[in-house]
Structures are given as C-alpha cells and as structure tokens.
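>>> Kindly return the folded structure for what I paste below:
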Amino acid sequence: MGLPACGARRRDATVPAPRRRRGRAAMGLCQAALLFALIAATSPAPAQLAGNLSLASEARLRGRPVSDHRPVAELELVHDGAGGFYLGGSAALVASPDAGLRPFAFKQYAGFARRLSSGTMIDLGLVHNGYTEYSDVPGGGSYTEAYVGIIGRNLSGRLFLSPAYFRKGHPTLYMEMDGHLDLTRNSLVFVHAGRLIYLREGGAMEGQGSATDWRLGLRRRIGAVTLEAAWHGYAQDMRRYGSYRRTGDALVIALLLAL
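Got it, this is the predicted structure:
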C-alpha cells in the first residue's frame, strides 16, 4: 500500500455524488476479486502462487497518511509465471469509526523480471492503484503507472511514470531507492527514500509542489510471521513560498503473515 504508491495525492475539489463513489469502490473491489480468481485459476503448481496477509496500524501512500491514522488489513496474491512474467493484486479494508470494516483500497499489477549475469535483476511493469471514499482521498480515486527498476542484493531503485496521477492531465514521475542491512539471520534494518515530481505546471494542489518521503525501520521474521516497525516521514513542497512543509511523521507498526 505499499503498497506500495505515492505531492498532493488528492483529486479535484469536486467530489462525486455518494452513489457514484460507492459504485466506483465496488467496481474496484470486484476487479480485485476477479484478479484473485484469475491468479488462482491459472496457477498450475502451488509453488507459483504466493501471497501475504498484513495488518498495519495505519496506511501511507508514499509517506502521506491516507487511512485517517486507522488500522488497515490487506490481502495480496501474486502468481509467478514462466519466463519471468508475474501477475498480482491486493485488496484492503480499513477500520471505520462509524461503520466498522469498510473497503479501503485495491491494486492490480503485472510485470516482467529478469536476472542478469551479474546477479542484478531488471524489473518492469504496470500497476493500477485505487482508493475508496473511506480513504483520505476525497471521493476516492485511482491512478496507473508504468515502472522500471533495478534490484540488487541490498539496494534497489525504481522509476514510476503516471499520465494522470489521481487527476486527468496531471502526469507525475516518482523515484525511489530502497536498501536493507541484515542484522541477524531473521532480522534486518531497512531504509527508503522517494521523490514525487509533477511534470506539468499546476499539477499539484494550489500552492503546493512536489514531495519527498522517507522511511526507516526494523523487520523481524518469526516463522511465517514478520513483524515490522518503521518511522515514516513526508515533506510537501510549497511553491507559493519557495519552501517546504513537514506533514505527519509517524511510527507505523505492521504484522505480515506469509500464505
């Protein structure tokens, strides 16, 4: 939600009517359910199908809080096909203060990964992320990105390009670097840095520009369960004043169960 995903990540101020929002959320979750069914149906061997179930104290989209600081549960499945192709998707629920568990987000992706002779891996593909009205994205919203990355033993980097980041006609480029250092056989420290750039003037919300996010954390594996604690940070450029604004640094705790 991790998702991955991601400046101003909100749609235009005009919010669709509630019925249309619910319809969009239901359609997105139905797409995720159909993708899960497709993944399961096209998996000839159990080893080709993997997934995880996660529970986090809150959800963040490229450093920015999007679940109103409320817990989120997510199920993700991925099918690794022949020749390096893969297909995956996820669906998430959020703990709403008034209505209990509600649909929160969905994601579908497909890509290709190839290991080079040096041991480095090349990864490229497409990903579509969507959020419902129960997220902090007004009215819900979605975006699609193409990505390419280089993955090493302890360091990786990716570029994501979107033609319409939550709003039509607002292209963005997101760059990220991730690294980790093993502490013991089952524990490690990890770090992330990302930069979201609006490629067209006026692409971000009024008075704001691009954004930088970062994350530093610890991860510990206990059998099929992984515990994670990470400090997330986010800084929004303020074009009007030629400065930046820090918003919403927080510690996020997560538990992941491998399926």
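>>> and residue 74, what pLDDT?
You'll see residue 74 listed with a pLDDT of 98.
>>> elements contacting the host helix or strand of it?
Assigned by DSSP states H and E, residue 74 belongs to strand 72-80. In terms of contacts (3 or more CB pairs under 8 Å, 6 or more residues apart in numbering; DSSP states H and E), strand 72-80 is packed against helix 18-41, strand 49-56, strand 85-96, strand 100-115. Backbone N, C-alpha and C define where each C-beta goes, glycine included.
>>> what angle separates it from strand 85-96?
Angle between the axes of strand 72-80 and strand 85-96 is 170 degrees (criterion: axes from the mean of the first three to the mean of the last three CA atoms, to 10 degrees).
>>> all strands for the stretch 151-259 of the chain, in order.
Here the stretch 151-259 of the chain has its strands, by DSSP state E, counting those that start in this stretch, at 155-162, 172-182, 187-198, 211-222, 225-238, 243-246, 250-258.
>>> before we move on, back to that, the helices and strands packed on strand 72-80: lowest mean pLDDT?
helix 18-41 (a mean of 51).
>>> Below-threshold pLDDT in the stretch 151-259 of the chain: ranges please.
By pLDDT under 70, the weakly predicted segments of the stretch 151-259 of the chain are 202-208, 239-247.
>>> and with 90 instead?
167-170, 200-210, 236-248, 259 (pLDDT under 90).
>>> How about residue 86, nearest residue that isn't a chain neighbour?
residue 80 (5.0 Å; CB to CB, 6 or more residues apart in numbering).
>>> number of nearby residues for that neighbour?
A total of 15 residues lie near residue 80 under the criterion other CB atoms under 10 Å.
>>> Correct me if wrong: it contacts residue 110.
No. Using CB atoms under 8 Å, residue 80 is not in contact with residue 110; the gap is 11.6 Å.
>>> Which neighbours do the two have in common?
Residues touching both residue 80 and residue 110 (CB atoms under 8 Å, 6 or more residues apart in numbering): residue 86.
>>> hang on, the earlier thing: okay, now the sheet partners of the strand holding residue 74, with direction.
Each strand that pairs with strand 72-80, with its direction, by DSSP bridges: strand 49-56 (antiparallel), strand 85-96 (antiparallel).
>>> Thanks again, I'm all set now.
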